[in-house]
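A.B. asks: Build me a model:
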Amino acid sequence: MFEADVADVAQHASTGGLPARLGETVAAAHRRYAGLDEGVVADYIPILAEADPAHFGLVVAQVDGAVHRAGDAGVAFSIQSISKAFVFALVCEAIGHEAVHEIVGVNNTGLPFNSVMAIELNGGSPMNPMVNAGAIATTALVPAATPAEQWELVRTGLSRFAGRELTLDGEVYRSEVLTNQRNQAIGRLLQSYGRLDADPLAVVDVYTKQCALSVTAEDLAVMGATLADGGVNPVTGERVVSAEVCRDTLALLASCGMYERSGEWLFEIGLPAKSGVAGGIVAVAPGKGAVGAYSPRLDPAGNSVRGQRACAYLSRALGLNLFASTPAPAAASALSEASALSEASALSEASAQPEASASPTEGSRA
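C.D. replies: Next up, the predicted model:
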């Protein structure tokens, strides 16, 4: 495990504000992609296939508590894998950065989210909490005496992120229970490698419930904005987790949040983000706010097509990309001044040259 050796160094952060007329920009992003019909609705969980493919909600929540909405911002859907990010944060808050790093890991598998082969290839390590194996191992670490208590800690913890009581979508939960044999197998495989101390089927059941929590695009935006605001919910003012936990969670999302497409996402959009197969996406701009998107049409990796496009638009239009930069004002001024001096020098040299005299022949003809 990499040893950073900076525990005694204070963490400083440099962040900036968001542009004015933010609501108009959110509305423009929504209009731009509302008619896009690429992708397909997930059907490997039967109930998800019933989602309206026309639904498209887009929300930006700022760290000052302002919320900007467009489209189907209040339509409910199941959080699915987006829950992984926030359960990871809760577990890190409860047992610490080092313990989660050691037990679960933080490196990208480069394989699909439900891969069994990734576990076998890495000696039983789940690799990171954003794939199913790592998420199941993380849920097992929720500190409680019984699975029922674990579930309630997860539900109330994610509710604090959202700033309102979140509830289980029983229909989604029952549909998932009938089709989660692969996750049960992953749980048993983790147990065989000594990665789970609890009953694997009980852990998978809690994990299944957390994925079936009902949220909206606005909930996702507020949850993401809580991570952007150093762990304080900008709507309720409640501290949910520490700033250090937010940093760890966002670092993980940047590298692993969009599954095997995480590198492409970071290259094109430049934000920590997490997706879910019901069509949700949360993307976080530290110190500024977060985007919550919902549209059930997915690409082959399980990421919302409209949601990705809208996030890309907002990242550029609002200056959210973590890797984008422009010359500092002083540097830009110096470059402009140097250019002006160079131009003036060239003009001066040109004017100092003697004018060409008339030829003798021309003079003799006067």
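A.B. asks: And the strands in the stretch 251-366 of the chain?
C.D. replies: Remark: strands assigned in the stretch 251-366 of the chain by DSSP state E, counting those that start in this stretch are 273-275, 280-285, 289-294, 297-298.
A.B. asks: In its sheet, which strands sit next to the second one, and in what direction?
C.D. replies: Think strand 280-285. Strand pairing for strand 280-285, using DSSP bridges, gives strand 273-275 (antiparallel), strand 289-294 (antiparallel).
A.B. asks: Any chance of JSON lines for the ones you listed, columns mean neighbour count, distance to Gly65 and mean pLDDT?
C.D. replies: The C-beta positions use only the backbone N, C-alpha and C, and glycine is treated the same way. Below are these laid out as JSON lines (neighbours: other C-beta atoms under 10 Å; distance: least, C-beta to C-beta, whole Å; pLDDT from 0 to 100):
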{"stretch": "strand 273-275", "mean neighbour count": "30", "distance to Gly65": "22", "mean pLDDT": "96"}
{"stretch": "strand 289-294", "mean neighbour count": "31", "distance to Gly65": "10", "mean pLDDT": "98"}
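A.B. asks: To Val131, which of these lies closest?
C.D. replies: Nearest to Val131, of all the strands paired with strand 280-285, is strand 273-275, at 11.7 Å by C-beta to C-beta.
A.B. asks: Check the offset of that closest one from the chain's centre.
C.D. replies: Relative to its parent chain, strand 273-275 has a centroid offset of 4 Å by C-alpha atoms, centre = their mean, to the nearest Å.
A.B. asks: now stretch 49-64
C.D. replies: Using C-alpha atoms, centre = their mean, the offset of stretch 49-64 from its chain centre is 14 Å.
A.B. asks: Adding distance to Val63, write the strands paired with strand 280-285 out as a markdown table.
C.D. replies: Shown next, in a markdown table, are the strands paired with strand 280-285 (distance: least, C-beta to C-beta, whole Å):
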| stretch | distance to Val63 |
| --- | --- |
| strand 273-275 | 17 |
| strand 289-294 | 5 |
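A.B. asks: Out of the ones you listed, which is closest to Ile136?
C.D. replies: Set against Ile136 and scored by C-beta to C-beta, the strands paired with strand 280-285 come closest in strand 273-275, at 16.3 Å.
A.B. asks: tell me the average confidence for stretch 220-237?
C.D. replies: Average pLDDT, stretch 220-237: 98.
A.B. asks: That one: how far from the chain's middle?
C.D. replies: Taking mean C-alpha positions (C-alpha atoms, centre = their mean), stretch 220-237 and its chain are 13 Å apart.
A.B. asks: Quick check: beta-bridge partners of Phe77?
C.D. replies: Val215.
A.B. asks: Grab the nearest non-local neighbour of Trp151.
C.D. replies: Val206 (4.9 Å; C-beta to C-beta, 6 or more residues apart in numbering).
A.B. asks: how about whichever strand or helix holds that neighbour as CSV, C-alpha atoms only?
C.D. replies: Val206 belongs to helix 200-211 when assigned by DSSP states H and E. Output of helix 200-211 as CSV, limited to C-alpha atoms (Å, rounded to 0.1, in the frame of the first residue of the first chain):
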residue,chain,number,x,y,z
PRO,A,200,-22.7,-13.3,2.9
LEU,A,201,-26.3,-13.6,2.1
ALA,A,202,-27.3,-11.3,4.9
VAL,A,203,-24.8,-8.7,3.7
VAL,A,204,-26.0,-9.0,0.1
ASP,A,205,-29.5,-8.4,1.3
VAL,A,206,-28.5,-5.1,3.0
TYR,A,207,-26.6,-4.1,-0.1
THR,A,208,-29.7,-4.9,-2.3
LYS,A,209,-31.8,-2.7,-0.1
GLN,A,210,-29.4,0.2,-0.2
CYS,A,211,-29.5,0.0,-4.0
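A.B. asks: Run through who's touching it.
C.D. replies: Contacts to helix 200-211, defined as C-beta atoms under 8 Å, 6 or more residues apart in numbering, come from residues 78-81, 83, 87, 135-136, 139-140, 142, 147, 150-151, 154-155, 158, 168, 173, 176-177, 180, 183-184, 186-188, 190-191, 196, 276.
A.B. asks: Can you tell me the closest non-neighbouring residue to Ala324?
C.D. replies: Take Ala324 and drop its neighbours on the chain: the residue closest to it by C-beta to C-beta, 6+ apart is Gly270, 6.5 Å away.
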